[in-house]
Structure formats: C-alpha cells, structure tokens
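**Student:** Here is a sequence together with a model predicted from it:
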Amino acid sequence: MTGLEDLYREIVLDHYRNPRNKGEINTPTAVRVEGFNPLCGDEIVVTLDLNPDGTLNIKIDGRGCSISQSSASLMSETIKGSQIKEARNKVTTFKNMMTIHENSLESSDDNETSFDIESLGELAALQGVVKFPVRIKCATLAWNTLLEGLDDLEKD
Amino acid sequence: MTGLEDLYREIVLDHYRNPRNKGEINTPTAVRVEGFNPLCGDEIVVTLDLNPDGTLNIKIDGRGCSISQSSASLMSETIKGSQIKEARNKVTTFKNMMTIHENSLESSDDNETSFDIESLGELAALQGVVKFPVRIKCATLAWNTLLEGLDDLEKD
Amino acid sequence: MADQGLTLKLDVAKVKSDFPIFSKSKYPKLVYLDSAATSQKPRSVIDSMSSYYETTHANVHRGVYSLAEDATRAFEDARIQSGRFVNAEHPSREIVFTKNATEAFNLLSNSLSVHYLKPGDSVVLTLMEHHANVVPWLMLKERLGINLKFMDIDQNGELILDDIDELLRDSKLLSLTMTSNVLGTVPPFKFLVEKAHEYGLLTILDAAQFAPHKKIDVIDIDADFLIFTGHKIFGPTGIGVLYGKQDLLESMPPFLGGGEMIRDVKIDGFTPNEIPWKFEAGTPPIAEAVGLKAGIEYLESLDYEAISEHETALLKYMIDSLQDTFAQDIAIHGPRNIEKRSGLVSFSLNEIHPHDIAQVLDEYSVCVRAGHHCAKPLMRHLCVSATTRASISCYNDFSDIDALIDGLKVVTKMFK
Amino acid sequence: MADQGLTLKLDVAKVKSDFPIFSKSKYPKLVYLDSAATSQKPRSVIDSMSSYYETTHANVHRGVYSLAEDATRAFEDARIQSGRFVNAEHPSREIVFTKNATEAFNLLSNSLSVHYLKPGDSVVLTLMEHHANVVPWLMLKERLGINLKFMDIDQNGELILDDIDELLRDSKLLSLTMTSNVLGTVPPFKFLVEKAHEYGLLTILDAAQFAPHKKIDVIDIDADFLIFTGHKIFGPTGIGVLYGKQDLLESMPPFLGGGEMIRDVKIDGFTPNEIPWKFEAGTPPIAEAVGLKAGIEYLESLDYEAISEHETALLKYMIDSLQDTFAQDIAIHGPRNIEKRSGLVSFSLNEIHPHDIAQVLDEYSVCVRAGHHCAKPLMRHLCVSATTRASISCYNDFSDIDALIDGLKVVTKMFK
Ligand SMILES: Cc1ncc(COP(=O)(O)O)c(C=O)c1O
Ligand SMILES: Cc1ncc(COP(=O)(O)O)c(C=O)c1O
C-alpha cells in the first residue's frame, strides 16, 4: 500500500478530519473568493484580510475530498502571517511541486521547474499527490483560489 | 481470369466498341432524359419516341465505362420495338438480375427476387456484373434513365 | 467466442476467460466494476480488428479492386449486423456510423434544427440524461432559441409521469435515456414513445447503457431514432451507432461535409449522397465497424435471458451486501425495485468523497467510477457533487462484489 | 519495428515485411498502389492496439483508478507524440483528436463561423482541394453567406500565383492542401501562409497527403491550423488530428457538445472545458490514439530522407515507364517537375474509363484508385470525369511498378 500511504499521510488525514482556520473572516476589509472544481464538486471558500502589520489573515471553508480539503487547511497554516509577496512565492513553490508529473509527461516541452521542498514544511506531506494525476487538481484548487484572493487584495 | 472474363464478355466489349442505336431522336414528340452518375462520371442520354404502332423507338448517347455504355447499347436493342409495358417489365427483370448480390448481403431483410434469365437474351451477358458490386451502378444507369423517360412519355 | 449452446445459465468463468484483460493486465486480480464507462473487450473483438488490418484493409466504397470490395463488404456487413441488433426494418439504410454516441446526438440536434426545430419549439429531456443528451440541446437553445423541458424524478430516481401530457403537448421532440448511467433507472420508454407520438413528437432513445444488457427492438418500441456506442457493448472505441427510420433520415439534411457524404460537388454547391452515407463524412471507422460487429456477435452468442438473470443476481447481491455492511452509513441512489434498474449501483457512503473511495478501492484493484458521471443536472438534483458508481457486465462474478465490500470497509476505517 | 539505424537507404524488403497484409492477405502477390486512399498498417501498429485492449483499456480522464490512469496516460501520450510529430510548441494543448481529417475541417468551419467569419467574408481555397476542404465551406456559404474564392491551376497542375495578392486581400481565411491527392502537386505552402499572414488571414493546411511522406514543422511554416488523418500515416481508421495554435484554440467556441468537452452543465447552460478537451466531445478514440502513436513511431523510425529518396526514385520510374510504354496514349496529370510532386501519379489512358482500367488491373492484384478522388471541382477543371491514380508508400518497390505497367498493357489490348 505504499502509493496510497504516500497520498494519505497521517498529516493529510488529520487536516482533513480537523481543518485548521475554518470559517470566514467577516471584517469589512476582507476579500472573499470561491473556488470550484465542477468536475468533482470540490468547493473552497478563501477569505483573506491584511493585519495592521501587513501580514495575512486567512480562513477557509468548503467541502470536497480529503485532498482538496486538507490542502486548503495546510495552506491556511502556511499562509497565515505571511506577507503577500511571501504568500505568492509559496503558491509558486507548491504548484511547482504539483506539476512535476505533468512535465514529465511532456518532458522536452516545458522548462525544468524546481522547488525548495524544505520551505514547504508540513505541506511536503502533499507531495504524494503527484503520483496521482487526477488528484492534482484537488490539491491545487485552494491555491488557485488563494491567488485570486491575493489579486483582489492588491487591487483594492 | 474467370471473374474478369465473366464481366467483360465478348458481347459486352463489342457493344462498348460499337454502340447500337447511337445518337438522339430529333422528332418533336421525342422525350430526352439524361442520366448521370457523378461518382464515376458515367453519362447516358436516352431519347425515346413512340412509333405509330405504339412501339418504342430509342437512341442512346453518352460516355463512360465499358459497362455503362455497353449496358445502354444492349438495352437499346432489347427495348427497341417493345410496348411501354413490355419495356417496363424488362427494366424490372434487368434490375432484379443486378440486385441479387445486394440482397445476398442483406439476405433476410428483403424479399426474394427472381428473374427470368431466358427473357433477357443477349442482355444476360451482363450477368457477370453482379459479382462486382461497385460496377452495378454503372450497369443500371441506362435502365434508370430509361425508366424516367418512360414516365415522361406516359405523362405527355 | 462463447458457446452458442442453449444453456440458460451464464458460464461466468468461461465468459471472464474470453476477456484477455483479466489475465493480461498488470493488475493481478482486476476487479472491473466500471463497465458503464466502457466495457472490456473479448478476444474475438480484438482479433477481428487485427485480422482485418492483416488481411483486408483498404478504403471503402469507391475502390474497384477486390481488396477494397472486401473491406467495403466487411464495413457494410457491420452496418447490417448493427441494424439487425436493434431489429431495424432496413438494416442497410437505417444505420449511420458515427464516432461515438455523442456525435450521434450532435448529428440529430444539428440536422433536425434545419427544417424541423424552430425558435421557440420545445424539446423534452429528463433530469437523468447524460451530457451527450443535454449539451447538444443546450447549444441549440443558445443558437436557435429552442426551449428545453426536463422531466423530473422522484425520491427513487424514477421519472415522475404525472404531468407528462402537459410536458409533451405542444413539444416537438422527446429525447430520453433507456437506462440512467447514474441511477440505473430503466424508465418506461415504450410508454413514453407512444405518448410522445400521440402528441406528434419525434423521439430519440439513448440506448448507450441499455444495449449491453437487454435486447433492443426498435420496431416494437417504435422509436424514431436510437443511439448506442460501440465501446460499451464489447466493441472498440471510435464508433457510435445512430438508428433512424428510413423516411426520417431521407428527409434530413447532412451534418458533416466532406468525402463520402456527397454525390456531387461543384464550386458553388453540392448534392448529398443517399442514406446512410449522406451522414458519414470522410473515411469512416472501418476497422471499428468490424470490431463492433464482433462485439455484437459476442453479446448475441450469450443468452440475453442468462445475462439478465446473472446480472440481476449480482445487482441484488451488491445492494444487499452494501446495505447489510454499511446500514445507515450508505445511501443507495435509484430505484428500490430491482426490476426497475439495470447494470449499476451508485451510492454515497458517509460524507466520504467518492474520489477518496475510488482511490482506496484502487489499492485493491477494484475499479469503480467516482464523479458526476457526465450528469451534472442530475447531481444537482440529488444534491451531491459526485457519487461512487459500481457497474457490472456479464464478466463480473460474486467475488467481484465481495472485493468491493472488503475495500469499502477499509475506506470507512480510513476516513474516520 | 524497423531498424533505427543510420542507414540512409531504405531497406524496402524489410519495410514490406513489417506490413502483415503483404504476406497474410488472400491475394498472393498484392501490389498495393492505393496508399493515398489509405495506408497499410505495420505489425507494430496492429499490435499496439491489441495490447492496449488486452492490458490497459478503460475510459479516460475521469477515472481515479490506476487502469484508467494508465489508459489516460496512453491517450495523452499519443497526443504529445502527435504534437511533436508536427513540431507543435505545446504538444499537450495544441492537438485535438477528431474522427478523421474531415471532422477536423468541419470543426474549424463551424467553430470559426461563430466569432471569426461573418456573412460576406471570403475564404480562399484552391481548385485542387479534397472535398473535405470544400464541402464544409460550401455548407458555410449556404448557412452563413460567406464567399469562396478558388485559386486556379495551370496546365502542369500547379497553382497560379499571379493574382495571389488580389485573392488574399480582404479575405479572412486561406485553406490549402500541402499535397494534391489527385495531381500530387506540392504547392508552395510556406510562401502562401506567409503571404496570407501579410494580409491578416488565418491559415489552414491540409497535410493528409503530405504527412506520410515528409517532415512537418508547424513552427517553421507558421500555420495557424494543420490537419492530417491517422489511417494515411500507418495509423488506424477512426482518428484524425487537428493542430491549432494555442491562443486560437483557446479563443474558439466548442464544436460538438457532450461529455468530456464541458466543465460544468446546468439545465440552462454549460461551461466548456480547457483546450484541447473542449473540442473532444464524448469518449475519444482511445485505442486509435494508441495506434496512431505507433504509426508515427514507425514512420519516424525510418529516415525521412531515405523515404523521400526511395519514393522519388519510384515516382520517376513510374512516370518514365508509363511514358515509354504508352507514349502519346497516356496523359499524366500534374507537375512535370518531379521535385514539385509527391506520392502519386494520376493518368488517363486513351479513352479507357478508369473503372475499366482498375478492374482489369485487379485481376493481377494491382490495386489502384479509379474515380474522382473526392475532388470533383478539380475533375471538372481537368475536363475528365475520373482518373486512374497509382500512389505509393515506403513499402512499395520497383516490381510493383512493373506489375502496374504489365497490367496496363493488358488493359490497352483489351479495350481495342
Ligand atoms: C488531401 C486530403 N484531404 C483530406 C482527406 C480526408 O481524410 P479523411 O477521409 O480521413 O477524413 C483526404 C483523404 O481522403 C485527402 O486526400
Ligand atoms: C447514457 C449515456 N449516453 C451517452 C453516453 C455517451 O457515449 P460516448 O461517450 O461513447 O459518446 C454515455 C457514456 O458515456 C452514457 O452513459
């Protein structure tokens, strides 16, 4: 069962069962973005706000599979307290981790991507997902939603 | 070369090389019908008229493959001097001969067809065509054109 | 090829052994419960296509030489076989080969939109249609301004027939599945076609899920059009079948344009060919037709009653086992009455997402489908984003169901 | 599979032996000179599909289980292979699988008619297009009221380029074959694409006849769209390929509607999927994609230069032999200059109808095509109702040409 254990690491299941930073931020300055994967019905609601010191506050809501929901929860932990720029870097790093497989399919087509696995901390637990191509969209849903939220935040 | 010799009987080749009743009837009462198979470019022009005694006069023009042209020539020989009704019967008989193969493909689908090969005379030389399904349309072109002509003749 | 004997019981071990994948795939004990997505292929089908390419291949219809005639014969024989399969009156003229069932629906929605359907006309569908029978009509709604009406379903996943007269009255077309690919429901299609005809509607039946399990008789049903897809009835990918009544097909304009479907082309216009070729543009799926014929022959070599008896027993066993094992944790969608369903069971297990279920089952080589099954309107109606679906075919046996149940036990343990 | 060595000469005997039909068909010495209609298949292609069905078959894209992932991988790998075959910049996104080349043209004519082509707009074709690149535009002319302009050809069957600026100016689209399937002419397509771009036209290239013989490079040509068909490049029937530049494909609406091509469906509308799937409705030709990949691999395992050298030698030998043997009795259509033609020779022999020629040749198992070759506008232009066409592939050898000539001698004797 190695492949499966790799996908469903204890940390992942724990975040799925006990999502962190659950809920929505209701401050008037908060931005709210919904992410939806109609193909499998995964839903993520990200609300973001800036703390007075310029760091991010984040809450997560939604429903869906263990991968989409735990990825969102893990993301919220990593992002909380980051600067916007830092958060963007983390999104890039995470998405790079998730696209390795896709690139290997099409190796000579795109440029090499690399990522600093160290910097991901607990998030590295999601690395097993890359072996399961259909689940990559589940894992990245929260992150793409976050990106939209960051854009909105900077637009305001 | 049995199959081929069956298709290109001497009579067939002779009618191809020396078409009988060639030309067009120019009497004012004559009807003129064109038959065309755009798939292979076979062209037949049938002109028909009724003799005072109610028998048919016929001329044939056109160009195309040996089968379409010889079939037209052979047809003109058989039809010339027939009554309209008789001519229609001959068309039916000939077309039945030509559809045997198609029916055998779809045997339980259509009713049995039969024909009186004796009554066909020289035309029986075209029997070999049924073994060559793509050529059946060549052989029947003149006959279908004739049918239209008979319709026109009776309409007038 | 399976025995053509008169045995009424299906020799499932023999049937399974006819399908190479169960011995040749890299998964030692493959439990394939996804035949509603696509069926596996018996050896006879695979071999028929190899043999076609090895001995007979040529382009069809226009070739004068014998090889091309042989290929044409093989192709047209497959058409006749497909026509007989649905009991068409004119097998050689009423069967159009498409690339899949979906293209057949698009062919109809496009061709019928030229002379038959007008802006404001209503097309009646049901809430349990596959996207293949929804999206083409939505596109036509957008392009032409037709109305779509959806027949509703009840708690049991059965069509609500109460307002059927109102739905059909003043409508132009009823397009309906013969078996829901999500619920397994087999609606009273014959009754509905009759009703629709009373109101003067044309009728289309989607037999994609019905064809692998039960005998189709278009004359008895009196369907105007009927559609199925090769890869679900033991045939290859790349071929679908549209049956249409001869006079209707004749009256309809072509859909795709190109070679084969024309009689003549000038630089300012063209004349279409006769049916059925009028609807087949370009080089058709020749080897696929040969494979489809072998698939139909395989299916017909088994006994429909034996298949049905076996499959009903499997379905019953699956439903009973699921209910016994997971009790109130499981919700089984679709008709309670097993007589009203066919081929598959969709369920929701706790709040566990179907993707997680399917993923864990895969670890035990149990293949089930997780998702919306290309039936989003129905998913919305059921208020689920996805379901898990286990579907069966004649090659499945009771141990396959046991493997499913064992796997599901692990699933429930894993996700709290 | 053929050797991947660096030999520049084609080992034709070896190549021929890779194609089972030459030893397995019921015709003892098959002389197959109809590869322009469809190519024969090497063992590797036939086996790749059997093996796919025996070990890997599942429906693609939505399956979570490993078998479905394997099938999806096999299918998407074939896409990437097809993309690389034409040197696409983004192989995984710029290749759409259709059922044949003809569907690809219909996809374009339909999809481009929504936002791009408007009533009164002009589409430029040539007089030597296959019906697949004529009829879809004629249908659009009828439906939308576009104009068609046809580039003329000269005595040699080459495009007349004198009035090219006038033709292209104020037109919206140029759609052009890279090799005429009747004349063998290879027009200066790169020049024409460049010219067309100067005037802001979109360009479509029909590579159906070009692909089996010469390397395609869409980046070098800068084609906006390019189309070829599987069964002519050693692949199976049932699959065609549309290449389109990523941004263009993204901006275009879908063609067929159904499963796979959608992101979401509600009862009152739908959202299309990403490219390339947006254009692939329903279950795609999965095994066919696997076979196509094997076909491309086979072609690429040979050396393009070696193929070209061999085929040019064959063509030259055929033309010379025809002329030497039949002198003024034969008219060979198409370019005199062998550098300007590829793959085939069409001819008229006396007044003998091509059907009769092909029929007699068949007696010697020589397979040639007789007819209009789905190019009626060109036939009208040439003032012939049909021609006889002998087309070649890498598996043909000089003895095939000798058999053709011998057969033709019988023909001329037979018909006076
Ligand atoms: C030049 C050309 N274009 C298009 C086609 C159409 O290909 P298909 O019949 O596979 O759609 C052909 C072959 O028939 C062709 O020769
Ligand atoms: C009920 C139903 N209709 C239509 C289809 C579409 O078939 P295809 O994907 O072969 O076009 C399917 C299968 O996906 C189906 O289950």
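**Tutor:** Arrived safely, thanks for sending. Ligands and ions are numbered 1, 2, ... in the order given.
**Student:** pLDDT weak spots in chain C?
**Tutor:** When residues are selected by pLDDT under 70, those of chain C lie in C:1-8.
**Student:** Surely C:Leu314 and C:Phe398 touch.
**Tutor:** Yes: counting by Cβ atoms under 8 Å, a contact exists between C:Leu314 and C:Phe398, whose distance comes to 6.9 Å. For glycine as for every other residue, the C-beta is placed from the backbone atoms N, C-alpha and C.
**Student:** OK, contacts around the residue of chain A found nearest ligand 2?
**Tutor:** Residue of chain A nearest ligand 2, by Cβ to the nearest ligand atom: A:Leu39 (14.6 Å). Under the criterion of Cβ atoms under 8 Å, 6 or more residues apart in numbering or on different chains, the neighbours of A:Leu39 are A:137, C:371-372, D:62, D:263.
**Student:** Throw together a PyMOL command that grabs the buried residues out of the residues you listed.
**Tutor:** Of those, the buried ones go into a single PyMOL selection, burial set by 16 or more other Cβ atoms under 10 Å in any protein chain shown:
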select buried, (chain A and resi 137) or (chain C and resi 371+372) or (chain D and resi 62+263)
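**Student:** And the contacts of A:Leu39, which is closest to ligand 2?
**Tutor:** For these, the minimum distance to ligand 2 (Cβ to the nearest ligand atom) is 9.7 Å, reached by D:Arg62.
**Student:** would you say that closest one is within a strand?
**Tutor:** No: counting by DSSP: H, G, I helix; E, B strand; the rest coil, D:Arg62 falls outside a strand, being coil.
**Student:** which residues of chain A fall in helices?
**Tutor:** Ranges of helices in chain A, per DSSP state H, are A:2-7, A:10-17, A:66-79, A:84-105, A:133-155.
**Student:** Now do the SS call for the residue positioned nearest the centre of chain C.
**Tutor:** Residue closest to the average C-alpha location in chain C (Cα atoms, centre = their mean): C:Ala208, at 1.1 Å. C:Ala208 carries the three-state label coil when classified by three-state DSSP.
**Student:** And the one 3 residues further on, by the same measure?
**Tutor:** On the three-state scheme (three-state DSSP), C:Ala211 is labelled coil.
**Student:** is it true that A:Val91 touches A:Glu148?
**Tutor:** No: counting by Cβ under 8 Å, A:Val91 stays clear of A:Glu148, with 10.6 Å between them.
**Student:** quick one, which of the two is more surrounded?
**Tutor:** A:Val91 (19 against 15; other Cβ atoms under 10 Å in any protein chain shown).
**Student:** In contact with the residue lying closest to the more buried one once chain neighbours are set aside: list those residues for me.
**Tutor:** In space, and not counting its chain neighbours, A:Val91 is closest to A:Trp143: 5.2 Å by Cβ to Cβ, 6 or more residues apart in numbering or on different chains. By Cβ under 8 Å, 6+ apart, the contact list for A:Trp143 reads A:71, A:75, A:91, A:94-95.
**Student:** Now for the residue in the stretch 51-200 of chain C that ligand 1 sits nearest to: which residues touch it?
**Tutor:** Residue of the stretch 51-200 of chain C nearest ligand 1, by Cβ to the nearest ligand atom: C:Asn59 (7.4 Å). Counting by Cβ under 8 Å, 6+ apart, C:Asn59 touches C:68, C:71, C:283, C:286, D:34, D:37-38, D:231.
**Student:** closest to ligand 2 among the residues you listed?
**Tutor:** Nearest member of the contacts of C:Asn59 to ligand 2, counting by Cβ to the nearest ligand atom, is C:Ile286, at 18.2 Å.
**Student:** wouldn't the closest one be in contact with C:His57 here?
**Tutor:** Yes: using Cβ under 8 Å, C:Ile286 is in contact with C:His57, at 7.4 Å.
**Student:** the domain parsing of chain C - what is it?
**Tutor:** Here the domain parsing of chain C from automatic domain parsing is C:12-41+C:303-414, C:46-301.
**Student:** between the contacts of C:Asn59, which is nearest D:Leu202?
**Tutor:** C:Thr283 (25.5 Å; Cβ to Cβ).
**Student:** Might you report the residue contacts of the closest one?
**Tutor:** By Cβ under 8 Å, 6+ apart, the neighbours of C:Thr283 are C:59-60, C:259-260, D:38, D:100-102, D:229, D:231, D:237.
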